[in-house]
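Engineer: I'll drop the sequence and a predicted model, then ask my questions.
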Amino acid sequence: MAKGKKVELVDQITEILKECSVIVAADYRGLTVDEMNALRRQLSSKEVKLRVVKNTLARFAADKAGMEDLKPLLVGPTALAFGFGDNIADPAKVLIEYQKATKLDFGIKGGFLDNEMLSKEQITALSRLPSKEVLIATLLGTLQRPIASLLSIMNGPLQAFSRVLQARASQLEGGSN
C-alpha cells in the first residue's frame, strides 16, 4: 500500500475513533468472506461500522486520537466494531448474537466506552443491556405504578359506596313489586 494511502487510512480511522461512542474489538479468525459480509450487514442495520485494518495503522490512529489504551487490543487479526450515538450496546449485542447464532468462536477481545477500557466480560455484560426504548418504557411503567396505586386506593371507598347504593336500590325495587 502506498504511503499516501496509509496516511489517508490512518486519518479515516482517527476520525472514526473520535466520533464513535463505543468500540468492540474481536478476533475474526475462522470467518469466511460470506460470514464476514453477513456480520457486516447485521451490524450496518444497527448503524454500526465494522473495520478490519492493519494493527500498525490502527495503533497510529489510536495515538492520533489519544486512545493509547486501545493498543493492547490490536494484537493478531482484529476487527473493530464502532457504535455511534445512544445505542452503545448494539455492537456488543450484534457480535455476541451472531457468535451464538452461527456457533463460530471468534473471540471478543475487549473494547472502549467513553474512553474507558472494557474487558471481554464487560462487553458481554453490555450486550445484555436492554435497548434504550425498553429502558424508557420500564422507567415510565415504574413512574406510573405509584400513581395508579394511589388512584385505586382513592377510588376504593367510592366504589364500595356505589355498590352499597346499588344493592339498596335493587332491594327497594324488589320490595315494591
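Structural biologist: Okay, I see it.
Engineer: packing partners for the host helix or strand of residue 50?
Structural biologist: Secondary structure from DSSP states H and E places residue 50 in strand 48-52. Using 3 or more C-beta pairs under 8 Å, 6 or more residues apart in numbering; DSSP states H and E as the contact test, the elements touching strand 48-52 are helix 3-19, helix 33-45, strand 79-83, helix 90-102. Just so you know, the C-beta spots here come from the backbone N, C-alpha and C atoms, and that holds for glycine as well.
Engineer: Would you mind listing the buried residues in the lowest-mean-pLDDT helix or strand in the chain?
Structural biologist: The weakest-scoring helix or strand in the chain, judged by mean pLDDT, DSSP states H and E, is helix 90-102 (a mean of 82). In terms of neighbour count (16 or more other C-beta atoms under 10 Å), helix 90-102 has its buried residues at 90, 91, 92, 93, 94, 95, 96, 98, 99.
Engineer: where does the spatially most central residue of the chain land on pLDDT?
Structural biologist: Centroid check for the chain by C-alpha atoms, centre = their mean gives residue 89 as the closest residue, at 1.9 Å. pLDDT for residue 89: 78.
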